[in-house]
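Participant: What follows is a predicted structure for the sequence shown.
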Amino acid sequence: MSKITTLNEFILERQKDFPFATGELTNLLNDIAVASKIVNRDVNRAGLVDILGAKGETNVQGEEQQKLDVIADDAFIAAFKSGEEVCGIASEENDDFVAFDDEASKNGKYVVLFDPLDGSSNIDVNVSIGTIFSIYRRVSEPGTKAVKEDFLQKGADQIAAGYVLFGSSTMLVYTTGKGVNGFTLDPSIGEFCLSHKDIKSPETGRIYSINEGNLDRCDPGLKEYAQYCREDDSSTGRPYSGRYIGSLVADFHRNLLKGGIYVYPTTNNCPEGRLRLLYECNPLAFIAEQAGGIATDGHQRIMDIEPKELHERCGYYVGSTQMVEKAMSLLKHKEAKITV
Ligand SMILES: O=P(O)(O)OC[C@H]1O[C@](O)(COP(=O)(O)O)[C@@H](O)[C@@H]1O
Ligand SMILES: [Mg+2]
Ligand SMILES: [Mg+2]
């Protein structure tokens with residue numbers, strides 16, 4: 001039987017890459033693994049226990065919260081509070097950041113921004129969903145309460161990032177800036193085990209992922225790109241296949257492994273964009289770049305954007321380098337925001 005490497009073993013092994021490591025990031029990544037297993041348990045039996053459907057409240061985005069959005073949010077916040085590494089969090093389901101005020105947490109070195117449940121529109125129909133996380137070193141003084149500046153850091157300053165995919169199997173994929181590795185949860189032993197070592201995304205691919213319902217309301221260059229994807233040209237492997245699950249994590253993961261492009265443009269009814277910069281676009285951009293791909297808002301590198309607001313949105317073009325560059329080359333508008 002081939003050697004099994006658990007997530008914990010892998011993290012400890014890789015801790016050697018960081019000469020001044022204190023073990024805090026190791027503990028934090030393990031907290032994320034524990035919370036993921038708890039959410040996985042609930043996702044797997046969602047139809048059997050009363051956790052499907054809406055909670056009956058709306059979040060700061062004005063979106064109806066699903067019960068699982070809140071269950072996942074609570075599970076991750078509890079995990080982050082349980083340790084001493086995290087001094088505060090920001091999440092899609094909380095209006096403002098939460099600074100932990102117990103003494104141990106106030107000395108925590110990290111802040112975490114996360115989307116507890118991604119793909120909420122797919123929860124009730126048993127389609128893959130996920131969690132996305134982004135980790136930064138705080139900029140405020142340890143021993144004090146976390147402040148907004150700790151969260152409004154640009155993506156290039158991320159210490160670690162990743163996602164959990166609740167699909168036919170449950171996977172955790174992460175980077176600390178030294179490559180991307182994927183772990184599959186083995187329910188029989190309750191461990192995440194290394195299954196996808198050093199993931200590299202193909203330079204190009206044959207999959208494009210766009211909600212085509214938006215194509216008449218975004219940069220006409222993107223409509224042109226979608227047309228380009230559908231044209232017959234065997235020398236470039238076209239026509240490409242259209243694949244759109246409607247869960248960013250799942251669409252991103254497939255394209256990461258197979259090669260492809262995912263686009264959620266700004267549109268004239270969503271001029272700011274739909275996806276959130278800090279806890280959706282930045283963490284996946286870190287993964288994409290570490291795997292050899294790129295991530296932009298159509299005009300600039302996502303991880304160079306200086307965030308101004310916690311729930312700030314942006315256009316998103318991510319995936320195989322050649323495909324994203326091709327799409328960007330066709331855009332007509334000089335800047336990201338569509339002005340009608
Ligand atoms: O239904 P649309 O407009 O295509 O949007 C789908 C996108 O919205 C999202 O569901 C937004 O994320 P949340 O589910 O976390 O709010 C993405 O996962 C997905 O890619
Ligand atoms: Mg999301
Ligand atoms: Mg969400």
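Facilitator: Cool, the structure landed. As the structure is a computational prediction, the values presented were derived from the model and not from experiment. Ligands and ions are numbered 1, 2, ... in the order given.

Participant: I'd like to know the beta-bridge partner residues of the closest residue to Gly242 other than its chain neighbours.
Facilitator: Using Cβ to Cβ, 6 or more residues apart in numbering and skipping the chain neighbours, the partner closest in space to Gly242 is Tyr208 (5.9 Å). Using the backbone N, CA and C atoms, a C-beta is placed for each residue, glycine as well. Bridge pairing for Tyr208 (DSSP bridges) gives the partners Gly242, Ile261.

Participant: count of neighbours near whichever residue of the stretch 151-300 of the chain sits closest to ligand 3?
Facilitator: Proximity of the stretch 151-300 of the chain to ligand 3 (Cβ to the ion) peaks at Glu280, 7.9 Å away. The number of residues packed near Glu280 is 26, by other Cβ atoms under 10 Å.

Participant: Report how many residues lie close to the residue nearest to Gly242.
Facilitator: Count around Tyr208 with other Cβ under 10 Å applied: 26.

Participant: which ones are touching it?
Facilitator: The contact partners of Tyr208, taken as Cβ atoms under 8 Å, 6 or more residues apart in numbering, are 225-226, 229, 240-243, 260-261, 263, 323.

Participant: For ligand 1, state which of those is nearest.
Facilitator: Distance to ligand 1 across the contacts of Tyr208 (Cβ to the nearest ligand atom) is lowest for Val263, with 10.3 Å.

Participant: For stretch 26-35, the averaged confidence score.
Facilitator: Per-region confidence: stretch 26-35 scores 96 on mean pLDDT.

Participant: Would you mind listing what in the stretch 51-200 of the chain touches ligand 3?
Facilitator: 92, 115, 117-118 (Cβ under 5 Å from the ion).

Participant: Next to ligand 2, which bits of the chain? Give me the list.
Facilitator: Counting by Cβ under 5 Å from the ion, the residues of the chain near ligand 2 are 115, 118, 280.

Participant: What about those, which are in strands?
Facilitator: Among the residues of the chain next to ligand 2, the ones falling in strands (DSSP state E) are 115, 118.

Participant: Switch the residues of the chain next to ligand 2 over to TSV; also include pLDDT and distance to Ala327.
Facilitator: Formatted as TSV, the residues of the chain next to ligand 2 follow (pLDDT from 0 to 100; distance: Cβ to Cβ, whole Å):
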residue	pLDDT	distance to Ala327
Asp115	98	24
Asp118	98	22
Glu280	98	19
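
Participant: Distance to Asp157 added to the residues of the chain next to ligand 2, as JSON lines?
Facilitator: Shown next, in JSON lines, are the residues of the chain next to ligand 2 (distance: Cβ to Cβ, whole Å):
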{"residue": "Asp115", "distance to Asp157": "19"}
{"residue": "Asp118", "distance to Asp157": "22"}
{"residue": "Glu280", "distance to Asp157": "17"}
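
Participant: rewinding a little: if any of the contacts of Tyr208 are buried, give me the ChimeraX selection for them.
Facilitator: Remark: buried members of the contacts of Tyr208, expressed as a ChimeraX selection using 16 or more other Cβ atoms under 10 Å:
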select :225,226,229,240,243,260,261,263,323
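
Participant: any idea which of the contacts of Tyr208 is closest to Glu309?
Facilitator: Checking the contacts of Tyr208 against Glu309 with Cβ to Cβ, the nearest one is Val263 at 22.6 Å.

Participant: quick check, nearest of the residues of the chain next to ligand 2 to Gly177?
Facilitator: Glu280 (19.2 Å).
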